[in-house]
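**Q** below are the sequence and a predicted model; questions follow.
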Amino acid sequence: MTALHEALDIAQTTRPGGAASLIATALEELDPRRTTPPVADVQGRLVDRLSR
């Protein structure tokens with residue numbers, strides 16, 4: 001989770017592109033745990049990032 005949050009931090013300061021697909025892949029792997037608070041938080045951050 002820490003690495004995924006760090007990746008999102010980097011993605012927020014750089015151009016969109018490859019980071020988004022890498023993050024989406026990581027979230028797919030976390031999908032079975034999507035209702036746990038840490039995973040739900042990072043999914044929310046990703047949605048926020050993609051909507052900007």
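**A** In hand now; what should we look at?
**Q** what about residue 37, distance to residue 20?
**A** Going from residue 37 to residue 20 by CB to CB, to the nearest Å gives 23 Å. Every C-beta, even on glycine, is put in place using the N, C-alpha and C of the backbone.
**Q** neighbour count winner among these two?
**A** Residue environment comparison for residue 37 versus residue 20 gives the larger neighbour count to residue 20, 15 against 7, counting by other CB atoms under 10 Å.
**Q** okay, and the more buried one sits in which element?
**A** Residue 20 is part of helix 18-30 when elements are defined by DSSP states H and E.
**Q** now do that helix: distance to the chain's middle.
**A** Using CA atoms, centre = their mean, to the nearest Å, the distance from the centre of helix 18-30 to the centre of the chain it belongs to is 6 Å.
**Q** what residues does it touch?
**A** Outside helix 18-30, the residues within contact range by CB atoms under 8 Å, 6 or more residues apart in numbering are 4, 7-8, 10-11, 39, 42-43, 46, 49-50.
**Q** pull out the buried members of the residues you listed.
**A** Neighbour-count burial within those applies to 4, 7-8, 11, 39, 42-43, 46, 49; the criterion is 16 or more other CB atoms under 10 Å.
**Q** quick check, nearest of these to residue 31?
**A** Distances from the buried ones among the contacts of helix 18-30 to residue 31 were compared by CB to CB; the smallest belongs to residue 39, at 8.3 Å.
**Q** on that earlier part again, with distance to residue 32 and pLDDT added, can I get the buried ones among the contacts of helix 18-30 in JSON lines?
**A** JSON lines is the format used below for these (distance: CB to CB, whole Å; pLDDT from 0 to 100):
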{"residue": "4", "distance to residue 32": "15", "pLDDT": "78"}
{"residue": "7", "distance to residue 32": "20", "pLDDT": "77"}
{"residue": "8", "distance to residue 32": "20", "pLDDT": "78"}
{"residue": "11", "distance to residue 32": "23", "pLDDT": "75"}
{"residue": "39", "distance to residue 32": "9", "pLDDT": "84"}
{"residue": "42", "distance to residue 32": "14", "pLDDT": "82"}
{"residue": "43", "distance to residue 32": "13", "pLDDT": "81"}
{"residue": "46", "distance to residue 32": "17", "pLDDT": "77"}
{"residue": "49", "distance to residue 32": "22", "pLDDT": "72"}
